[in-house]
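1. just coords:
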């Protein structure tokens, strides 16, 4: 008796989303551009040329094979939702994922801890502060002028601010250490001068009495001061 496991319809529908594409040379070169060392490949292609479909599949494959944070961006948040949201859920077979996609943030969570986020570049700050592993932008010609450069420059400014902040903190720490060292030296100098004066007075008083003599209370106190002075000098390495 054969046991047949029924595959849910949603999973079948999503698996069918991986239909075969005709291997166009330009599209294949685009897919292989990143592996060839091109960091930001740009494709000026017309409508219905398959560039968006290739982008979706490329990001889905990368996210499924290499864990990380990925993005699919469009000129606006609403465009990103319409262009990518349903397709990226289907291409990653989200019906089998333990953690289901987040409709509010347009995020798909893969079993290998990868995350794909669909976002709009009408607010470039959505892009900042995240260590992206990879991603792609569609309809880049319609993006607000300077959005990409502003984002990259913002990252540069943030890095420069971090360097300046660290340099400032380092200077403050070094300044505090030098100031503390100066104060410590000054304190030691004052203490040493005081003890030297005290020691000379004690020695003068101690030697001013004729010998043999008896240890009176004042002379005993002076002798204790003398002993403490010598001990302090030895501990501080001054003698």
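-> Arrived safely, thanks for sending. Not measured: the values here are computed from a predicted model. Numbers count the residues shown, from 1 in each chain.

2. quick one: the helices in this protein?
-> Using DSSP state H, the helices found in the chain span residues 9-16, 25-31, 51-65, 77-80, 86-91, 147-208, 217-235.

3. Do I have it right that residue 76 meets residue 120?
-> Yes - judged on C-beta atoms under 8 Å, residue 76 makes contact with residue 120 at a distance of 4.4 Å. Glycine gets a C-beta too; all of them are placed from N, C-alpha and C.

4. what's around residue 53, how many residues?
-> The number of residues packed near residue 53 is 15, by other C-beta atoms under 10 Å.

5. meant to ask about residue 28
-> Residue 28 has 12 nearby residues by other C-beta under 10 Å.

6. Look up the pLDDT of it for me, please.
-> Residue 28 carries a pLDDT value of 80.

7. and if you look at residue 181?
-> Value for residue 181, per-residue pLDDT: 53.

8. Repeat that for the one 4 residues further on.
-> The model reports residue 185 with a pLDDT of 58.

9. go on, residue 81?
-> 94.

10. Kindly report the same for residue 174.
-> At residue 174, pLDDT is 51.

11. Any stretches of this structure with poor pLDDT?
-> For the chain, the stretches with pLDDT under 70 are 1-5, 146-220, 222-223, 225-227, 229-239.

12. Next up, the contacts around the residue nearest to residue 142 when sequence neighbours are not counted.
-> Residue nearest to residue 142 in three dimensions, not counting chain neighbours: residue 75, with 4.4 Å by C-beta to C-beta, 6 or more residues apart in numbering. When contacts are counted by C-beta atoms under 8 Å, 6 or more residues apart in numbering, residue 75 touches 120-122, 139-140, 142-144.

13. Next one: residue 75 relative to residue 145, how far apart?
-> Residue 75 is 11 Å from residue 145, where distance means C-beta to C-beta, to the nearest Å.

14. Also residue 106?
-> Counting by C-beta to C-beta, the separation of residue 106 from residue 145 is 24 Å.

15. Neighbour count for those two, which is higher?
-> Taking neighbours as other C-beta under 10 Å, residue 106 and residue 145 compare with residue 106 leading, 20 against 7.

16. Counting neighbours, what do you get for the closest residue to residue 136 other than its chain neighbours?
-> Nearest residue to residue 136, sequence neighbours excluded (C-beta to C-beta, 6+ apart): residue 55, at 4.4 Å. Number of residues near residue 55 (other C-beta under 10 Å) recorded here: 20.

17. Residue 55 and residue 124: what is the separation?
-> As for residue 55, its distance to residue 124 is 19 Å (criterion: C-beta to C-beta).

18. now residue 25
-> Applying C-beta to C-beta, the value for residue 25 to residue 124 is 34 Å.

19. Give me the more crowded residue out of the two.
-> Set residue 25 next to residue 124 and count neighbours by other C-beta under 10 Å: residue 124 wins out with 20 against 7.

20. now the end-to-end length of stretch 42-58.
-> One end of stretch 42-58 to the other measures 14 Å (C-alpha to C-alpha, to the nearest Å).

21. Correction: the previous question concerned stretch 103-118.
-> 10 Å.

22. just checking, which of the contacts of residue 75 belong to strands?
-> Of these, the ones assigned to strands by DSSP state E are residue 120.
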